[in-house]
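# no letters, just coordinates:
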Ligand SMILES: *[C@@H]1O[C@H](CO)[C@@H](O)[C@H](O)[C@H]1NC(C)=O
Ligand SMILES: *[C@@H]1O[C@H](CO)[C@@H](O)[C@H](O)[C@H]1NC(C)=O
Ligand SMILES: [Zn+2]
């Protein structure tokens with residue numbers, strides 16, 4: 001990255017929420033009656049009229065507490081923190097800034113096909129948005145057959161029920177299924193960090209969305225590339241923005257069609273979620289992603305095997321203990337359960353912890369809502385660029401020392417990212433008998449290298465909280481998208 005460019009944007013500052021008068025004061029958690037007085041943001045968040053696109057319609061019950069933080073730099077044009085709140089009035093958005101003609105060539109990738117004609121991508125040819133796609137369609141039946149033909153054994157693990165760890169005590173206690181949600185278990189086949197110290201594999205989830213172009217413009221200004229984990233339903237809503245992400249040389253990866261907790265699905269439903277998202281991305285870009293991120297990080301050995309059979313490698317975010325993940329919490333500003341200052345304090349902790357790791361790291365961030373984009377472009381990314389020691393910030397595929405072409409089936413030369421699917425030993429696909437806890441075929445062959453399984457604390461309630469908030473928020477705004 002170019003430091004000359006950065007200096008225009010990087011102004012050293014010790015920033016505190018509502019810095020005018022609240023210098024380094026930590027507001028204690030308020031009783032709801034007094035929170036409005038303690039937090040200037042509350043008055044803005046309540047009075048706003050119609051909810052703008054990209055923000056939540058759900059009013060916070062009480063204003064989330066404001067906390068102190070300190071950043072090495074912020075963007076002088078940042079939206080003030082007092083305006084990055086639930087129910088904020090709509091900021092201007094750029095919209096897709098470039099309309100690419102059909103056939104435009106992604107010259108930065110060898111062997112990439114020209115861009116498809118967006119007028120041929122008709123929503124009527126895809127499943128309903130934000131709903132689990134039906135499994136009886138010819139397309140899904142074909143993908144199910146492809147999974148059977150892959151030769152990859154899908155372990156016979158029962159789907160979980162909604163409600164996360166508390167609602168699934170037996171599954172949560174069953175270490176053999178390696179369920180990330182309850183204890184943070186990972187396999188060697190999951191990407192959980194970047195290998196090199198002080199390297200940040202940048203990611204943004206849940207778009208493309210109304211404010212994504214503002215993020216793209218900032219990333220261009222500071223010459224950063226990210227990994228976008230895109231939701232198939234949002235690709236239907238914003239295909240031109242997806243093309244712009246791709247043509248700007250960001251990595252595009254799968255984040256499912258309707259954003260479910262994947263372990264709650266049957267095999268067939270999981271295949272439909274991944275298959276449709278791969279397909280719509282291919283239809284809009286001409287290339288098919290080889291990486292994905294499970295919504296809420298909800299993956300176990302059954303979902304691992306299904307995604308592997310569909311040539312998708314999972315990318316998680318870094319987890320440093322059973323209860324501590326590198327999650328900025330940026331998603332929750334729009335819904336009112338987190339304050340912008342809390343997100344920045346989270347970022348400060350993340351960067352502090354990351355500096356002590358022997359490896360690099362991956363952090364959870366989002367571009368679905370205006371608030372998350374504003375906190376990234378105004379605060380988190382400028383701070384990261386000014387961090388001492390310096391960070392290397394790049395898409396996950398790059399931090400893994402792979403060329404961008406390895407991110408897509410059509411441009412992968414199979415040298416550094418060989419395909420996993422052999423197609424030689426067709427298998428039977430079992431859906432998992434209720435109550436079954438039998439686990440893991442091929443993926444368990446790690447030769448005792450299951451150290452990650454030892455983190456087995458039960459992170460109670462995590463799924464419930466995350467699941468409810470996303471579904472509620474997406475449902476609340478889908479009329480605008
Ligand atoms: C990082 O370290 C701080 C202590 O400095 C701790 O409070 C925090 O929970 C840690 N975890 C994460 C994910 O930031
Ligand atoms: C890479 O492997 C895939 C899957 O087997 C195959 O379709 C593709 O043609 C291969 N690409 C090259 C350049 O060999
Ligand atoms: Zn998500």
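Great, that's in hand. Here the structure is a predicted model, which means the values were calculated and not measured. Ligands and ions are numbered 1, 2, ... in the order given.

# could I get the pLDDT score of residue 133?
Residue 133 is assigned 98 on the pLDDT scale.

# where's it, which helix or strand?
Applying DSSP states H and E as the criterion places residue 133 outside every helix and strand.

# in this structure it contacts residue 257, no?
Yes - contact criterion C-beta atoms under 8 Å: residue 133 and residue 257 qualify, at 5.6 Å. Any C-beta I mention is one placed from the backbone N, CA and C, and that applies to glycine too.

# of the two, give the one with the bigger neighbour count.
residue 257 (29 against 23; other C-beta atoms under 10 Å).

# how near is that one to residue 276?
5 Å (C-beta to C-beta, to the nearest Å).

# also residue 282?
Noted for residue 282: a distance of 11 Å to residue 276, by C-beta to C-beta.

# now swap in residue 179 and tell me
Separation of residue 179 from residue 276 (C-beta to C-beta) stands at 24 Å.

# ok, what's across the strand from residue 393?
Applying DSSP bridges to residue 393 gives these bridge partners: residue 200.

# wait, isn't it in contact with residue 383?
No - using C-beta under 8 Å, residue 393 is not in contact with residue 383, being 11.4 Å away.

# tell me the contacts of residue 288?
Applying C-beta atoms under 8 Å, 6 or more residues apart in numbering, we find residue 288 in contact with 278, 281, 282, 408, 409, 410.

# now do 10 Å
When the contact criterion is C-beta atoms under 10 Å, 6 or more residues apart in numbering, the partners of residue 288 are 252, 254, 278-279, 281-282, 310-312, 407-412.

# so where's the stretch 51-200 of the chain uncertain?
For the stretch 51-200 of the chain, applying pLDDT under 70 flags the ranges 51-62.

# strands along that one, start to end?
Using DSSP state E, counting those that start in this stretch, the strands of the stretch 51-200 of the chain run over residues 73-74, 199-201.

# the shortest one pairs with which strands?
Partner strands for strand 73-74, per DSSP bridges, with pairing direction: strand 11-12 (antiparallel).

# hmm, stretch 149-159 in reach of ligand 2?
No - on the criterion C-beta under 6 Å from any ligand atom, stretch 149-159 is out of touch with ligand 2, staying 10.6 Å away.

# shaky segments in the stretch 201-350 of the chain?
In the stretch 201-350 of the chain (pLDDT under 70), no residue qualifies.

# if we can go back for a sec, any common contacting residues for residue 257 and residue 276?
Both residue 257 and residue 276 are contacted by 126, 127, 132, 133, 232, 233, 235, 236, under the criterion C-beta under 10 Å, 6+ apart.

# now compare those residues and name the two farthest from each other.
Taking C-beta to C-beta as the measure, the shared contacts of residue 257 and residue 276 span a maximum distance of 16.4 Å, between 132 and 235.

# compare the two (neighbour count), which wins?
The neighbour comparison of residue 132 against residue 235 (other C-beta under 10 Å) goes to residue 235, with 28 against 20.

# hang on, that one packs against residue 229?
No - using C-beta atoms under 10 Å, residue 235 makes no contact with residue 229, being 11.5 Å away.

# neighbour-wise, which of residue 282 and residue 276 wins?
Each of residue 282 and residue 276 had its neighbours counted (other C-beta under 10 Å), and the higher figure belongs to residue 276 (26 against 17).

# returning to that earlier point: out of the strands of the stretch 51-200 of the chain, which is the most enclosed?
Highest mean neighbour count of the strands of the stretch 51-200 of the chain: strand 199-201, a mean of 25 (counted as mean count of other C-beta atoms under 10 Å).

# does any part of that one sit near ligand 1?
No - residues of strand 199-201 are not located near ligand 1 by C-beta under 6 Å from any ligand atom, the shortest gap being 13.7 Å.

# can you tell if the helix or strand just after that strand touches ligand 3?
Using DSSP H and E, the helix or strand that follows strand 199-201 in sequence is strand 203-205. Yes - Strand 203-205 lies within reach of ligand 3 by C-beta under 5 Å from the ion, at residue 205.

# next SSE downstream of strand 203-205?
Heading C-terminal from strand 203-205, the first helix or strand you meet, by DSSP H and E, is helix 212-221.

# tell me the first helix or strand C-terminal of that next one.
strand 227-230.

# wait, does the next helix or strand along the chain from that following strand make contact with ligand 3?
The C-terminal neighbour of strand 227-230 among helices and strands, as given by DSSP H and E, is helix 232-237. No - Helix 232-237 does not reach ligand 3 (C-beta under 5 Å from the ion); its nearest approach is 10.3 Å.

# distance between helix 232-237 and the chain's centre?
Remark: helix 232-237 is offset 15 Å from the chain centroid, using C-alpha atoms, centre = their mean, to the nearest Å.

# list the buried residues in it.
By neighbour count on 16 or more other C-beta atoms under 10 Å, the buried set for helix 232-237 is 232, 233, 234, 235, 236, 237.

# with stretch 354-369 instead?
Across stretch 354-369, burial judged by 16+ other C-beta under 10 Å covers 354, 359, 360, 361, 362, 363, 364, 365, 366, 367, 368, 369.

# restricted to helices, list the residues you listed.
Residues of those located in helices (DSSP state H): residue 354.

# what is the most widely separated pair among the buried residues of stretch 354-369?
Across the buried residues of stretch 354-369, no pair lies farther apart than 359 and 369, at 29.9 Å, counting by C-beta to C-beta.

# neighbours of residue 173, how many?
There are 14 residues near residue 173, going by other C-beta under 10 Å.

# residue 296 touches residue 165, doesn't it?
No - look at residue 296 against residue 165 with C-beta under 10 Å: they stay out of range, at 11.7 Å.

# next up, the contacts around the residue positioned nearest the centre of the chain.
Taking C-alpha atoms, centre = their mean, the centroid of the chain lies closest to residue 205, which sits 3.0 Å from it. For residue 205, the contact set (C-beta under 10 Å, 6+ apart) comprises 227-231, 253, 255, 259, 293, 295, 317, 330-331, 364-368, 372.
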